[in-house]
Structure formats: C-alpha cells, structure tokens
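Peer 1: Sequence first, predicted coordinates after that:
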Amino acid sequence: GENVEQHPSTLSVQEGDSAVIKCTYSDSASNYFPWYKQELGKGPQLIIDIRSNVGEKKDQRIAVTLNKTAKHFSLHITETQPEDSAVYFCAASTNYGQNFVFGPGTRLSVLP
Amino acid sequence: DTGVSQNPRHKITKRGQNVTFRCDPISEHNRLYWYRQTLGQGPEFLTYFQNEAQLEKSRLLSDRFSAERPKGSFSTLEIQRTEQGDSAMYLCASSLATVNQPQHFGDGTRLSIL
C-alpha cells in the first residue's frame, strides 16, 4: 500500500522567513495531494491541495509543488507569522480521493 | 456550511466498557470517513461510507469496532470491550463523492481508557 514520508519532523523559523516541508510517496497511482494544518485540540484543516495534472499551485503565502517523476511534493510558506505555528500533515490519495494516507507530520514553530 | 460536528469531544472510560461516538457530516457530503490519530502521528484511516453503504474497512478496524450510517446522514462508531490501546483521537471527515475531493475534518473525540 501507499507510504508517505515527511521531513522535517520539527521546524523552527523566524517570523517573516520561509518554511518548506517535504513529502515523498511510494504509490505511483496516487493522484491527489492535500496539505492539512492541525492546531492543538482541533481537527486537521485543509490549507491547500494539488492534483497530479498540475505541477504547482499557489494561494497567497502558501504554495505546493509536485514532482510526479520523483514522487515528492512540498509545501512552501512565505512570510511566516506566529499564527502559522501548528502541525502540518501531507497526504496522498489513490482511488480518486477515497482513502487518504497521511505523513507523520511536521511541527512548525514561528518565533517572533 | 456548519462544518463536521463530533460528539462527545472527550470520553473517559474504564477498560472493558463500550463507547459510542457520533459524527454529523457537512449536509451535502455523501462520503463520510473515520480516522484514528495517536499522539505525534498522522491520522490513520479506519473506514468510510458512501451514503449508507460502508465501502471500505482498514485492517486497523478490529471486530470490536463497528460503524454505522443508517440513513446516510450522521454516523456512529462503537468500540466494544475497550482496551488501553484504544486511547486515541477519533476523527471524522466528510467529502463529496466526485473525483479528487478534499476531506473536511471535525475536531474529533478524544478517548481515554483508564
């Protein structure tokens, strides 16, 4: 089955700097890649997603890139703010989004 | 759009007791998913429904676990004869049934087994 790895497990950046989180997946049939942000005591919240027919997608300070050949995708957050501090999860989906396989998460701390 | 609602938010019970959790999905979503999340890990898929039909179950879903979605709206997840290892956050998500749709999560039910 699908296996998703995520790096780094923790990341600390200064406010205003950029943060990059990288994920790799194993199943070449995966075709949908969402990213979620989870704050303490809350459920995961979708922040951006990308489909396999697209190489890059941007939404304000957040961007995701996908390299299908290498089977990796990355989350880029620019101009980080303290409220970006949370745990971020990548996921990959085969079978048209029925079963998400999540990475282990990255704890991002934005230092003021 | 009121979001996915889960109840209760917290459940503390003794080992061996039965527990039941409820999930109310976003109203127009016909797919509903259950995940389990332990501390420091990503959510792990348990099962999903399309309308009232349970279409897939993970190997994580032992025979002590049962999920229902009787009218294709809300769903319940029951754990019988709870064990220490069942302590986790149980997350519910819902989505539309078309291709490559995002899943929207509730805030979960945290289960603690004494």
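Peer 2: That came through fine.
Peer 1: Tell me which residue of chain A lies closest to chain B.
Peer 2: Nearest residue of chain A to chain B, counting by CB to the nearest CB: A:F102, 3.1 Å away. Bear in mind the C-beta positions are built from the backbone N, C-alpha and C, glycine included.
Peer 1: which ones are touching that residue?
Peer 2: Residues in contact with A:F102 (CB atoms under 8 Å, 6 or more residues apart in numbering or on different chains) are A:4, A:36, A:89-91, B:42-44.
Peer 1: Tell me where chain B has strands.
Peer 2: B:5-7, B:10-13, B:19-24, B:31-37, B:44-50, B:53-57, B:65-68, B:75-79, B:88-95, B:104-105, B:109-113 (DSSP state E).
Peer 1: quick one on the thing from earlier: give me the subset of the contacts of A:F102 lying in helices.
Peer 2: Residues of the contacts of A:F102 located in helices (DSSP state H): none.
Peer 1: do you know how far the residue of chain A closest to chain B is from A:Y88?
Peer 2: Using CB to CB, to the nearest Å, A:F102 is found at 11 Å from A:Y88.
Peer 1: Same check on B:I113?
Peer 2: 29 Å.
Peer 1: can you check A:G103 too?
Peer 2: 9 Å.
Peer 1: B:Y48 too?
Peer 2: 23 Å.
Peer 1: ok, now B:E28?
Peer 2: Taking CB to CB as the measure, B:E28 falls 28 Å from A:Y88.
Peer 1: out of the two, which sits in the more crowded spot?
Peer 2: Using other CB atoms under 10 Å in any protein chain shown as the criterion, B:E28 and A:Y88 rank with A:Y88 on top: 23 against 8.
Peer 1: ok, for the more buried one, nearest residue in space, not its chain neighbours?
Peer 2: Distances taken as CB to CB, 6 or more residues apart in numbering or on different chains put A:T106 closest to A:Y88, at 4.9 Å, once the chain neighbours are dropped.
Peer 1: Quick check, pLDDT for that neighbour.
Peer 2: At A:T106, the model reports a pLDDT of 98.
Peer 1: you'd agree it is up against A:S9?
Peer 2: Yes - applying CB atoms under 8 Å, one finds A:T106 in contact with A:S9, separated by 6.2 Å.
Peer 1: Residue ranges in chain A under the pLDDT threshold?
Peer 2: For chain A, applying pLDDT under 70 flags the ranges A:95-98.
Peer 1: Where does chain B get nearest to chain A, which residue?
Peer 2: B:G42 (3.1 Å).
Peer 1: hang on, isn't that residue packed against A:T106?
Peer 2: No - when contacts are counted by CB under 8 Å, B:G42 is not listed as touching A:T106 (10.3 Å).
Peer 1: ok, the residue sitting nearest the centre point of chain B - contacts?
Peer 2: Taking CA atoms, centre = their mean, the centroid of chain B lies closest to B:W34, which sits 3.2 Å from it. B:W34 sits next to B:23, B:45-48, B:67, B:75, B:77, B:90-92 when contact means CB under 8 Å, 6+ apart.
Peer 1: Now tabulate those residues in JSON lines and tack on neighbour count, pLDDT and distance to A:A19.
Peer 2: Formatted as JSON lines, the contacts of B:W34 follow (neighbours: other CB atoms under 10 Å in any protein chain shown; pLDDT from 0 to 100; distance: CB to CB, whole Å):
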{"residue": "B:C23", "neighbour count": "26", "pLDDT": "98", "distance to A:A19": "32"}
{"residue": "B:F45", "neighbour count": "20", "pLDDT": "94", "distance to A:A19": "27"}
{"residue": "B:L46", "neighbour count": "21", "pLDDT": "95", "distance to A:A19": "31"}
{"residue": "B:T47", "neighbour count": "22", "pLDDT": "95", "distance to A:A19": "34"}
{"residue": "B:Y48", "neighbour count": "26", "pLDDT": "93", "distance to A:A19": "32"}
{"residue": "B:A67", "neighbour count": "21", "pLDDT": "97", "distance to A:A19": "37"}
{"residue": "B:S75", "neighbour count": "26", "pLDDT": "98", "distance to A:A19": "36"}
{"residue": "B:L77", "neighbour count": "23", "pLDDT": "98", "distance to A:A19": "35"}
{"residue": "B:Y90", "neighbour count": "24", "pLDDT": "98", "distance to A:A19": "30"}
{"residue": "B:L91", "neighbour count": "25", "pLDDT": "98", "distance to A:A19": "25"}
{"residue": "B:C92", "neighbour count": "29", "pLDDT": "98", "distance to A:A19": "29"}
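Peer 1: Great, nothing more from me.
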